[in-house]
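**Q** below are the sequence and a predicted model; questions follow.
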Amino acid sequence: MNRNIIVTGGLGFIGSNLIDLLIKKKYFIINLDKVTYSSNFYNVKNYKKNYKFIKTDIGNKSKILKILKKYKPRYIFNLAAETHVDRSIDGPENFINSNIVSLFKFLECLKTFYKTNKSFKLIHISTDEVYGDVLHGRTSENHPYKPSSPYAASKASSDHLVYSYYRTYKLPFIITNCSNNYGPKQHPEKLIPKLIYNILHNLPLPIYGNGKNSREWLHVMDHCSALYQVAIKGKLGEFYNIGSGINFSNLKIVNSLLEIAKKYIHISKNTKIKFIKDRPGHDIRYALNSNKIKNEIKWIPKIKIQNGLEETFKWYLDNKEYFKTIKKNYITKRLGNG
């Protein structure tokens, strides 16, 4: 069986952790990444065998067609995307170009590739943010999309575009929507690694609004396990929610991290919660119903959030050089203005 897998956006957080899993399963990985501010070669520094990195935008049609023809991948995991909500508020154009326009060009390449290669699958990875605020209950896969930010809108558009190519051209695509991921190798513009960085560097801990915004937290390796199972067992043209079922408020996250940090380091008096102006359009709560993937594919998350948070804190504590690979203003400042 062909053991080649393409991972787009593989220098990023979820992509590099997915590559970890796939290499351990003896696949040959072709990592396509255009190398933006959030790409980090530190994330893939240990890959020597069964791994090939190619710098490219997925919208570079001539290059993508050559790569598809050469490697004839069995699976393609699409994680190439701009992902930070704050950045999308200040500069939505990059999100439209990366998450919609480049994706369209990539799908056109896959349409051409499919004419002579019928045995591949594309797993398109998306987000729970496409559903918008979920004040009560949990959203299943048939819940209407109601994105609040330019980022969420661009991902909603990408999901619709991918599904349209399945329906219209019968291309072998599957779409997943995950809840908030956390774990090793996450860029510190995101909440949990930013808080850990600030704890380690004796800085205040910024929290939007009143800290009551609630997210469903999923360890990245649970997510990667689900993505692999979807690739193997998922039905073409289907959507699968991937979540932990566990919601924590932002305030509970920061307090949990402070309790964990006390086990390992001295906490500075400067390291206190600092409530800051809320960002525009900030959704109050996300929550997924993941029964479909549990029932059909028999996937369940295994990592309890307290254990996952402690493991994540220890990874950043043991890999302080990771922060040195990132421009300091990307870590210490919120890039948005809201």
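**A** Received the coordinates, thanks. Numbering: from 1, shown residues only.

**Q** CA atoms for contacts and neighbours, from now on please.
**A** Will do.

**Q** which residues touch stretch 211-231?
**A** By C-alpha atoms under 8 Å, 6 or more residues apart in numbering, the residues outside stretch 211-231 that reach it are 14, 17-18, 21, 75, 121, 123, 176, 178-184, 242-251, 275, 283-288, 297, 299-303, 305, 308.

**Q** quick one, helices of the stretch 1-150 of the chain?
**A** For the stretch 1-150 of the chain, applying DSSP state H, counting those that start in this stretch gives helices covering 13-24, 61-71, 85-90, 92-96, 102-114, 150-169.

**Q** now Asn254: phi and psi?
**A** Asn isn't right for residue 254; it's Val. phi -70, psi -40 (degrees, to the nearest 10).

**Q** then Asn180?
**A** phi -60, psi 120.

**Q** how about it, nearest residue that isn't a chain neighbour?
**A** Leaving aside its chain neighbours, Asn180 sits nearest to Trp217 (5.0 Å; criterion: C-alpha to C-alpha, 6 or more residues apart in numbering).

**Q** verify the stated contact: Met44 with Leu18.
**A** One thing to correct before we go on: residue 44 is Val, not Met. No. Val44 is beyond contact range of Leu18, at 10.8 Å (criterion: C-alpha atoms under 8 Å).

**Q** before we move on, back to that, filter the contacts of stretch 211-231 down to just the ones in strands.
**A** Under the assignment DSSP state E, the contacts of stretch 211-231 contribute 75, 121, 123, 176, 178, 180-182, 242, 247-249, 275 to strands.

**Q** quick one: which of the residues you listed is most hemmed in?
**A** Within those, most neighbours by other C-alpha atoms under 10 Å means Ile242, with 30 neighbours.

**Q** and of the ones in strands among the contacts of stretch 211-231, the nearest to Lys320?
**A** Set against Lys320, the nearest of these by C-alpha to C-alpha is Tyr182 (17.2 Å).

**Q** residue contacts, the closest one?
**A** Residues in contact with Tyr182 (C-alpha under 8 Å, 6+ apart) are Ile192, Trp217, Leu218, His219, Val220, Leu309, Thr312.

**Q** before we move on, what about Asn99?
**A** Asn99 touches Ala80, Ala81, Glu82, Ser154, Lys155, Ser158, counting by C-alpha under 8 Å, 6+ apart.

**Q** quick one on the thing from earlier: out of the helices of the stretch 1-150 of the chain, which gets nearest to Asn319?
**A** Among the helices of the stretch 1-150 of the chain, the nearest to Asn319 by C-alpha to C-alpha is helix 13-24 (14.7 Å).

**Q** break down the stretch 201-338 of the chain into its helices, ranges please.
**A** So, for the stretch 201-338 of the chain - with DSSP H, counting those that start in this stretch - the helices run 220-233, 250-261, 291-296, 305-318, 321-324, 328-332.

**Q** which of the ones you listed sits most buried?
**A** Among the helices of the stretch 201-338 of the chain, the stretch with the highest mean neighbour count (mean count of other C-alpha atoms under 10 Å) is helix 220-233, at a mean of 20.

**Q** ok, now which ones touch Tyr131?
**A** Thr139, His143, Pro144, Tyr145, Lys146, Pro147.

**Q** and the gap between the closest residue to it other than its chain neighbours and Ile175?
**A** Closest residue in space to Tyr131, ignoring its immediate chain neighbours: Tyr145 at 4.5 Å, by C-alpha to C-alpha, 6+ apart. Plainly put, Tyr145 is 14 Å away from Ile175 if you go by C-alpha to C-alpha, to the nearest Å.

**Q** the two: which is more packed in?
**A** The residue with more neighbours, out of Tyr145 and Ile175, is Ile175; 26 against 16, by other C-alpha under 10 Å.

**Q** tell me what the more buried one is bridged to.
**A** His124, Phe239 (DSSP bridges).

**Q** ok, it touching Lys235?
**A** No. Look at Ile175 against Lys235 with C-alpha under 8 Å: they stay out of range, at 9.9 Å.

**Q** enumerate every residue touching Ile276.
**A** Pro206, Ile207, Tyr208, Gly209.

**Q** bridging residues for it?
**A** Where Ile276 sits in a bridge, its partners, by DSSP bridges, are Tyr208.

**Q** any idea how far Lys105 is from it?
**A** Distance, Ile276 to Lys105, using C-alpha to C-alpha: 40 Å.

**Q** and for Ile293?
**A** 29 Å.

**Q** report the contact partners of the residue lying farthest from the centre of the chain.
**A** Relative to the centre of the chain, the most outlying C-alpha is that of Lys269, 33.2 Å out, by C-alpha atoms, centre = their mean. By C-alpha under 8 Å, 6+ apart, the contact set of Lys269 is Asn202.

**Q** ok, 6 Å please
**A** Going by C-alpha atoms under 6 Å, 6 or more residues apart in numbering, Lys269 touches no other residue.

**Q** so what's it scoring on pLDDT?
**A** On pLDDT, Lys269 comes in at 91.

**Q** phi and psi next, for it.
**A** phi -60, psi -20.

**Q** quick check: it vs Thr325, distance?
**A** Noted for Lys269: a distance of 27 Å to Thr325, by C-alpha to C-alpha.

**Q** now swap in Phe173 and tell me
**A** Distance from Phe173 to Thr325, by C-alpha to C-alpha: 35 Å.

**Q** neighbour count winner among these two?
**A** Legend: neighbour count by other C-alpha under 10 Å for Phe173 and Thr325, higher for Phe173 (24 against 11).
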